[in-house]
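Chemist: predicted model, plus sequence, below.
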Amino acid sequence: MTSTVLGTVLGALVVFLITVLTGYFVAQEFGYVAVDRSRVRARASAGDTGARRVLNITKRTSFMLSGAQLGITVTTLLVGYVAEPMIGEGVGELLGVAGVPPGTGLAIGIALAMLFSTVIQMVFGELFAKNLAIARPEPVARWLSLSTQLYLKAFGPVIWLFDQASIRLLKLVGITPVEDVQHAATPRDLESIIAESRQSGDLPAELSTLLDRTLDFHESTAGHAMIPRPEVTTVEVNEPVSRVVELMASDHSRFPVLGEGVDDIVGVICLRDVLTLEERDLSGIEVREVARETIMVPTSLPLPSLLDRLREAGEEFACVVDEYGGLAGVVTTEDLAEELVGEIADEHTPEEESPAPLDGDGSYLIPGALHIDEVERLIGHDLPEGDYETIGGLVIHELHRLPRPGDGVDLVLPRPAGAHEGDPDMALTMVVNTVQRHVPHTVELQLHEIENGSQEVRA
């Protein structure tokens, strides 16, 4: 009787110890995946030996996970192997002493042993170890790093064998295995982090806007940043350079040079080229004699690639061409800078090109050419996506016609991600203030809550 009780208790203790080993491998599995590698890398650079070991392990994440899975599988099988003879049979014998038939007592004992082992495995071997590793990934990874290295080295051949078997199976179904786990946050993740940090006050508004623009910069194209063709001043090849000098006195320092039509781009003339003419009679020199070859880029070219093109050529100006070969606009390094820091005002920037608050009631008077992303930052809400780049384009899209002064639209805004159920829906009232070249030149905006859930269009 005493030996049976001791054997059963010993079996429970062995199951618990094996479960601790299971928890060890589960902590490996989650700890090394959840650890912040940038912090570990910084500590390793500062000479931290434990951080250096962690960093080396995370460079072979797939191999480490295979080793952890091997350990979890073996220890789980051992628990089942030990639980039945040491706990199940012992409980069966004790029930037999109490008068329960041997067969029935053994069945009950095995069932109780499996139940006990499952609870211990789930609570201590799986859930506790997993939650600990996720809550404290860096301390757990550092604490396990030395033993993990020894384990992976000792059982490396066995782990490699199973790992290669799984890799070959993946390749058979057309999937390319990867050795490491991607830890980089997506742009959407970063946008959410920035928005939450701004709302909580952990990130200043100016810095959050700069970070937001930086993320958008890598997704924007030349067509987004360019000055559109209607706003571009051009010169023809047969015009005198004196005409260019007149334009430069009141406008910009670079102009596209056109040949036989509005879309026949033959080059660009710059102030520095004009200055090389020195004292010559500029009225007797045609633009074609001074114009230089210009950089031509498609509207779809991403801004980082456009910046690289300009740097390689040592230029600050490029002509943007649409898919039909026509001049869509021009883009300069100043336009690229404005994508990051916002509008850069100079002596040539009209006052109406900057958003201005109206009457302190939360409404704004903004230029119709203001890009949608800038409007979203201004009002703090996302606008519907569509085939338009500017707020003026959004107004035309909603009206389904060219606008007249006084035309207005009440636009229901999309609910932001993570909005609470009780948060009110928002609407944006857009009223065309002035029209230029048949499109909105200035637009009044006012953000307000929706009271009755209806959307009205005023015209």
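Modeler: Nice, thanks for sending it over. Numbering: from 1, shown residues only.
Chemist: Three-state assignment for Val395, please.
Modeler: Here Val395 is helix, with the state taken from DSSP: H, G, I helix; E, B strand; the rest coil.
Chemist: mean confidence score for the longest helix along the chain?
Modeler: When secondary structure is assigned using DSSP state H, the longest helix within the chain turns out to be helix 2-34. For helix 2-34, mean pLDDT rounds to 83.
Chemist: please renumber the chain so that the first residue is 892 from this point on.
Modeler: Happy to do that; since the first residue is 892 now, the last one works out to helix 893-925.
Chemist: now the element after it, going C-ward?
Modeler: Towards the C-terminus, the helix or strand next in line after helix 893-925, according to DSSP states H and E, is helix 928-936.
Chemist: can you point out the buried residues in that next one?
Modeler: Of the residues in helix 928-936, 928, 931, 934-935 count as buried by neighbour count, 16 or more other CB atoms under 10 Å. Heads up, the C-betas are built off the backbone N, CA and C, glycines and all.
Chemist: want to throw those residues into JSON lines with distance to Pro1147 and pLDDT?
Modeler: Written out in JSON lines, the entries for the buried residues of helix 928-936 read as follows (distance: CB to CB, whole Å; pLDDT from 0 to 100):
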{"residue": "Arg928", "distance to Pro1147": "48", "pLDDT": "81"}
{"residue": "Val931", "distance to Pro1147": "52", "pLDDT": "85"}
{"residue": "Arg934", "distance to Pro1147": "54", "pLDDT": "84"}
{"residue": "Ala935", "distance to Pro1147": "53", "pLDDT": "85"}
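Chemist: which one of the residues you listed is nearest Ile1156?
Modeler: The shortest gap between Ile1156 and any of the buried residues of helix 928-936 belongs to Arg928, at 48.0 Å (CB to CB).
Chemist: so the closest one touches Asn947, yeah?
Modeler: No: contact between Arg928 and Asn947 fails when scored by CB atoms under 8 Å: they sit 11.6 Å apart.
Chemist: and the host helix or strand of Val1266, what does it pack onto?
Modeler: With the criterion set as DSSP H and E, the secondary-structure element containing Val1266 is helix 1263-1270. Counting contacts by 3 or more CB pairs under 8 Å, 6 or more residues apart in numbering; DSSP states H and E, helix 1263-1270 is packed against helix 1096-1110, strand 1254-1258, helix 1282-1290, strand 1330-1340.
Chemist: of all those, which lies closest to Leu1006?
Modeler: Proximity to Leu1006 (CB to CB) singles out helix 1096-1110 among the helices and strands packed on helix 1263-1270, at 51.9 Å.
Chemist: about what we covered before: so which bits of the longest helix of the chain are buried?
Modeler: Residues of helix 893-925 classed as buried under the neighbour-count rule (16+ other CB under 10 Å) are 895, 898-899, 902-903, 905-907, 909-910, 912-925.
Chemist: which residues in the stretch 942-1091 of the chain form strands?
Modeler: In chain order, the stretch 942-1091 of the chain shows no strands, with DSSP state E, counting those that start in this stretch as the criterion.
Chemist: got the residue ranges for the helices in it?
Modeler: Ranges of helices in the stretch 942-1091 of the chain, per DSSP state H, counting those that start in this stretch, are 952-974, 980-988, 993-1011, 1020-1026, 1028-1045, 1047-1063, 1078-1091.
Chemist: redo these as JSON lines? Include mean neighbour count and mean pLDDT.
Modeler: Compiled in JSON lines, the helices of the stretch 942-1091 of the chain are given as follows (neighbours: other CB atoms under 10 Å; pLDDT from 0 to 100):
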{"stretch": "helix 952-974", "mean neighbour count": "19", "mean pLDDT": "85"}
{"stretch": "helix 980-988", "mean neighbour count": "19", "mean pLDDT": "63"}
{"stretch": "helix 993-1011", "mean neighbour count": "17", "mean pLDDT": "76"}
{"stretch": "helix 1020-1026", "mean neighbour count": "17", "mean pLDDT": "89"}
{"stretch": "helix 1028-1045", "mean neighbour count": "18", "mean pLDDT": "90"}
{"stretch": "helix 1047-1063", "mean neighbour count": "13", "mean pLDDT": "85"}
{"stretch": "helix 1078-1091", "mean neighbour count": "14", "mean pLDDT": "70"}
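Chemist: I'd like the ones you listed written out as CSV, with distance to Leu1261 added.
Modeler: Converted to CSV, these look like this (distance: least, CB to CB, whole Å):
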stretch, distance to Leu1261
helix 952-974, 45
helix 980-988, 77
helix 993-1011, 62
helix 1020-1026, 44
helix 1028-1045, 44
helix 1047-1063, 49
helix 1078-1091, 20
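Chemist: quick one: which of the ones you listed is nearest Leu1285?
Modeler: Using CB to CB, the nearest of those to Leu1285 is helix 1078-1091, at 20.6 Å.
Chemist: what angle do the longest helix of the chain and helix 952-974 make?
Modeler: Between helix 893-925 and helix 952-974, the angle comes out at 170 degrees (axes from the mean of the first three to the mean of the last three CA atoms, to 10 degrees).
Chemist: tell me what helix 893-925 is packed against?
Modeler: Counting by 3+ CB pairs under 8 Å, 6+ apart, helix 893-925 packs on helix 940-949, helix 952-974, helix 980-988, helix 993-1011, helix 1020-1026, helix 1028-1045.
Chemist: run the last query once more with 7 Å
Modeler: Judged by 3 or more CB pairs under 7 Å, 6 or more residues apart in numbering; DSSP states H and E, helix 893-925 is in contact with helix 952-974, helix 980-988, helix 993-1011, helix 1020-1026, helix 1028-1045.
Chemist: Val1337 and Met1321, how far apart?
Modeler: Residue 1337: Gln, not Val. Shown here: Gln1337 relative to Met1321, a distance of 8 Å by CB to CB, to the nearest Å.
Chemist: list the buried residues in stretch 1145-1165.
Modeler: Neighbour-count burial for stretch 1145-1165, with 16+ other CB under 10 Å as criterion, is recorded at 1145-1149, 1156-1161, 1164-1165.
Chemist: what's the helix or strand for Asp1314?
Modeler: Assigned by DSSP H and E, Asp1314 falls within no helix or strand.
Chemist: which non-adjacent residue is nearest it?
Modeler: Counting by CB to CB, 6 or more residues apart in numbering, Arg1306 is the residue found nearest to Asp1314 once chain neighbours are left out, at 7.5 Å.
Chemist: residues near the one you found, how many?
Modeler: Burial of Arg1306, expressed as a neighbour count using other CB atoms under 10 Å, amounts to 14.
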